[in-house]
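K.L.:
Quick one, what's the 3D model for this:
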Amino acid sequence: MAVTSQQVTLYMSQRQQGQTQEVAAAKAGLSVSTARRLERRAESSEPTTTRHWRTRPDPFAGVWDEVLVPQLAATPDLQALTLLEWLQEQHAGQYPDSLLRTLQRRVKGWRAA
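P.N.:
All right, here's what the predicted structure looks like:
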């Protein structure tokens, strides 16, 4: 279950009033381990912004524009699994099954655009 912002606000206000971690967590409806995590995050000096860049190289960069996009343009209802199986036949050992979700995201983005 996700922690709501109301729970976080209540927990932090209880801590500022001098309550112990256990009591403040109980009043906010949180577990003590979640309360510890919230306090570590509040003390952290790291910014909490989301990344807008890729952290890994794109495994389909070499075949996306030249091979996959023309196939999707010709047959827009192709599924990512079908494309991955075809890539596995054409390029043996280069595209493992673990890349299916990545390809699904790429196809979804292409369809949205």
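
K.L.:
Please count neighbours and contacts with C-alpha atoms only from this point.
P.N.:
Fine.

K.L.:
Summarise which helices and strands the helix or strand of the chain with the lowest mean pLDDT is packed against.
P.N.:
Every helix and strand of the chain was ranked by mean pLDDT, DSSP states H and E. The lowest is helix 32-43, at a mean of 89. Here helix 32-43 touches helix 21-28, going by 3 or more C-alpha pairs under 8 Å, 6 or more residues apart in numbering; DSSP states H and E.

K.L.:
export the helix it packs on as CSV, just CAs?
P.N.:
Below are the C-alpha coordinates for helix 21-28, written out as CSV (Å, rounded to 0.1, in the frame of the first residue of the first chain):
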residue,chain,number,x,y,z
GLN,A,21,9.4,7.8,15.8
GLU,A,22,7.3,4.9,16.9
VAL,A,23,4.4,7.0,18.3
ALA,A,24,4.4,9.4,15.3
ALA,A,25,4.4,6.4,12.9
ALA,A,26,1.5,4.9,14.8
LYS,A,27,-0.5,8.1,14.7
ALA,A,28,0.1,8.5,11.0
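
K.L.:
List the contacts of it.
P.N.:
7, 8, 10, 11, 12, 14, 15, 31, 32, 35, 36 (C-alpha atoms under 8 Å, 6 or more residues apart in numbering).

K.L.:
so which of those is the most crowded?
P.N.:
Highest neighbour count within the contacts of helix 21-28: residue 11, with 25 neighbours (other C-alpha atoms under 10 Å).

K.L.:
Please identify which helix or strand holds that one.
P.N.:
Assigned by DSSP states H and E, residue 11 belongs to helix 5-16.

K.L.:
Could you list which residues are in contact with the closest residue in space to residue 97 that isn't next to it in sequence?
P.N.:
Spatial nearest neighbour of residue 97, excluding adjacent residues (C-alpha to C-alpha, 6 or more residues apart in numbering): residue 84 at 7.8 Å. For residue 84, the contacting residues are 95, 97, 100, 103, by C-alpha under 8 Å, 6+ apart.

K.L.:
Please name every helix or strand in contact with the helix holding residue 11.
P.N.:
Helix 5-16 packs on helix 21-28, going by 3+ C-alpha pairs under 8 Å, 6+ apart.
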